[in-house]
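Q: sequence first, then the predicted structure:
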Amino acid sequence: MASLAGLLKEAGFNVSGSDSNIYPPMSTLLADQGIEVKPGYRAENIPRTVDLVVIGNAVSKTNPEVQAVLAAGLSYTSFPDALARFFLAGRKSLVVAGTHGKTTTTALLSWVLHAMGRQPGFMVGGWLKNFDLNYRVPKDDYFVTEGDEYDTAFFDKEAKFLHYRPYGAILTGVEFDHADIFKDLDHIKGAFRKFVELLPEEGCLLVKFKDPHATDVLQAVRCPVETYGLDPGADWRGENYRFASGEGRFDLVHLGRVQGEVRLPMIGRHNGENAVAVAALAIRLGLPAGEVCRAFEGFKGIRRRQDVVGEKNGVTVIDDFAHHPTAIDLTIEAVKEAFPESRVWAVFEPRSATSRRNVFQAAFPASFRRADRVVMAGLFAPDGIAPADRLDPERVVRDICAAGGRADYIPDVEAIVDFIAANRQDRDVVLVMSSGGFGGIHQKILDRL
């Protein structure tokens, strides 16, 4: 919502808003744009002269400002509808959808188009270091959007990405997630099925190779579909992947023909796959293959995605957003690849709506198998989850230990910091994974070190 406010302000609209809590970096972004933020939700915050009220999906119909909008008969819409109305109409909308990797892939696509001399608009769910922002007003035909499958608003329970009018899309894979709104995997597949059916015949879709659930949603797609990945058999393939000198390197190959070498300044094979998808889509849009491959070299990364936040006394602290078992496994694998001589600590806070539930009780232990030490924190806001539905982090720890791993359950942030400080070794890497702030644990660890 803050990014949408910034887009609208830069596009020439007068913008103000409300929120219950506002903090950096979004509070700084809004202040720099001169956008007034009214703390708390009160009916008097809604001016009767407003032309349009954009209602986010975090508020319900009982919200006092929503009630004021309805009582006054003011025009209102949702976040994704506003984005489509003001920024996607008349442009080629490029959407990255999927359970994992959306933010990184969207950021990479935005950067590659920019580096190629295009001036795309974009909205990304992470902070792009190249731009020190997570949005940009378009100045050409393209707008790149992270396609979220979460619901739209209290008055529209369909997925956000169904509003995004896709011309070209990347589907990074489909797994069960968002247990607070989707009842099972088939339910979430239904949302993705509706999304791919929106693509026009002249558009294109890149789908992760060997993802069975992604394949399941393609029955009614009208546009050309190609697969991507690092495995033999993919239409667009990264061959000879290796990690050296801080870069993932591979040869981009399309149907047996080499397009160029990609040098990606990111860790992890999964990010190599993301780069293959981005390169494939950019080339499908008509951009020169060799220049597309070279464009990745200038990418500076995204905050909170394998983000090194500091190094003190021989210990490196990394921040990551991972909260799904698959993402946790891939992130630990990437860090082990980048720091092959180090012990890797995996410190995890069950914070997202799904990770706090027991739907992944059996899957979580194996997702930490590559870590040398594991610390499970307590559930964030456990009272928001019914006791019968809550994840049991102590059981996760017992199962990790039973499988031969080393794991500890430490519910308190300060106690976790003490434990790491007491047990750390030179060259350790502490990978902190949470979908939220985790009590500022990253800086607290660095301060103790």
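A: Happy to help now that I have it.
Q: from here on, contacts and neighbour counts on C-alpha atoms
A: Noted.
Q: distance between the ends of stretch 375-390?
A: 18 Å (Cα to Cα, to the nearest Å).
Q: wasn't residue 192 part of a helix?
A: Yes. The assignment for residue 192 is a helix, going by DSSP: H, G, I helix; E, B strand; the rest coil.
Q: for the chain, give me the ranges with low pLDDT.
A: Along the chain, segments meeting pLDDT under 70 span 179.
Q: for the spatially closest residue to residue 435 that is not a sequence neighbour, the count of nearby residues, please.
A: Closest residue to residue 435 apart from its sequence neighbours, by Cα to Cα, 6 or more residues apart in numbering: residue 321 at 4.9 Å. Residue 321: 21 surrounding residues under other Cα atoms under 10 Å.
Q: how much space separates residue 321 from residue 338?
A: Counting by Cα to Cα - residue 321 and residue 338 are separated by 18 Å.
Q: do residue 162 as well
A: Counting by Cα to Cα, the separation of residue 162 from residue 338 is 37 Å.
Q: cool, residue 424 as well?
A: In terms of Cα to Cα, residue 424 sits 19 Å off from residue 338.
Q: mind splitting the protein into its structural domains?
A: 2-74, 81-298, 307-448 (automatic domain parsing).
Q: who has more neighbours, residue 162 and residue 338?
A: residue 162 (22 against 19).
Q: can you tell me the SS state at the nearest residue to the more buried one once chain neighbours are set aside?
A: Nearest residue to residue 162, sequence neighbours excluded (Cα to Cα, 6+ apart): residue 195, at 5.6 Å. What three-state DSSP gives for residue 195 is helix.
Q: check residue 439 too.
A: Per three-state DSSP, residue 439 ends up helix.
Q: look up how far residue 275 lies from the closest residue to it other than its chain neighbours.
A: Counting by Cα to Cα, 6+ apart, residue 413 is the residue found nearest to residue 439 once chain neighbours are left out, at 6.7 Å. As judged by Cα to Cα, residue 413 and residue 275 stand 35 Å apart.
Q: picking that back up, my guess is the residue nearest to residue 439 contacts residue 441, does it?
A: Yes. Between residue 413 and residue 441 there is a contact under Cα atoms under 8 Å: 6.5 Å.
Q: who does the nearest residue to residue 306 once chain neighbours are set aside bridge with?
A: Leaving aside its sequence neighbours, residue 306 sits nearest to residue 320 (Cα to Cα, 6+ apart; 5.1 Å). Listed by DSSP bridges, the beta-bridge partners for residue 320 are residue 433.
Q: how about the contacts made by residue 320?
A: By Cα atoms under 8 Å, 6 or more residues apart in numbering, the contact set of residue 320 is 304-307, 331, 431-434.
Q: hmm, 10 Å instead?
A: 302-308, 327-328, 331, 348, 431-436 (Cα atoms under 10 Å, 6 or more residues apart in numbering).
Q: helices along the stretch 301-449 of the chain, start to end?
A: 325-338, 364-367, 393-402, 413-423, 441-448 (DSSP state H, counting those that start in this stretch).
Q: what are the ranges of the helices in the stretch 1-150 of the chain?
A: 2-10, 26-32, 64-72, 79-83, 102-115.
Q: deepest-packed of the ones you listed, please.
A: The highest mean neighbour count among those, using mean count of other Cα atoms under 10 Å, belongs to helix 102-115: a mean of 24.
Q: check the offset of that helix from the chain's centre.
A: 12 Å (Cα atoms, centre = their mean, to the nearest Å).
Q: swap in stretch 76-88?
A: 20 Å.
Q: in PDB, could you pull the C-alpha coordinates for it?
A: Below are the C-alpha coordinates for stretch 76-88, written out as PDB (Å, rounded to 0.1, in the frame of the first residue of the first chain):
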ATOM      1  CA  TYR A  76     -13.600   3.000  -3.200                       C
ATOM      2  CA  THR A  77     -11.500   0.200  -4.700                       C
ATOM      3  CA  SER A  78      -8.900  -2.400  -3.900                       C
ATOM      4  CA  PHE A  79      -5.100  -2.100  -4.100                       C
ATOM      5  CA  PRO A  80      -4.700  -4.400  -7.100                       C
ATOM      6  CA  ASP A  81      -7.600  -2.800  -9.000                       C
ATOM      7  CA  ALA A  82      -6.100   0.700  -8.400                       C
ATOM      8  CA  LEU A  83      -2.700  -0.600  -9.700                       C
ATOM      9  CA  ALA A  84      -4.400  -2.000 -12.800                       C
ATOM     10  CA  ARG A  85      -6.500   1.100 -13.400                       C
ATOM     11  CA  PHE A  86      -3.800   3.700 -13.100                       C
ATOM     12  CA  PHE A  87      -0.600   1.900 -14.200                       C
ATOM     13  CA  LEU A  88      -1.300  -1.300 -16.200                       C
END
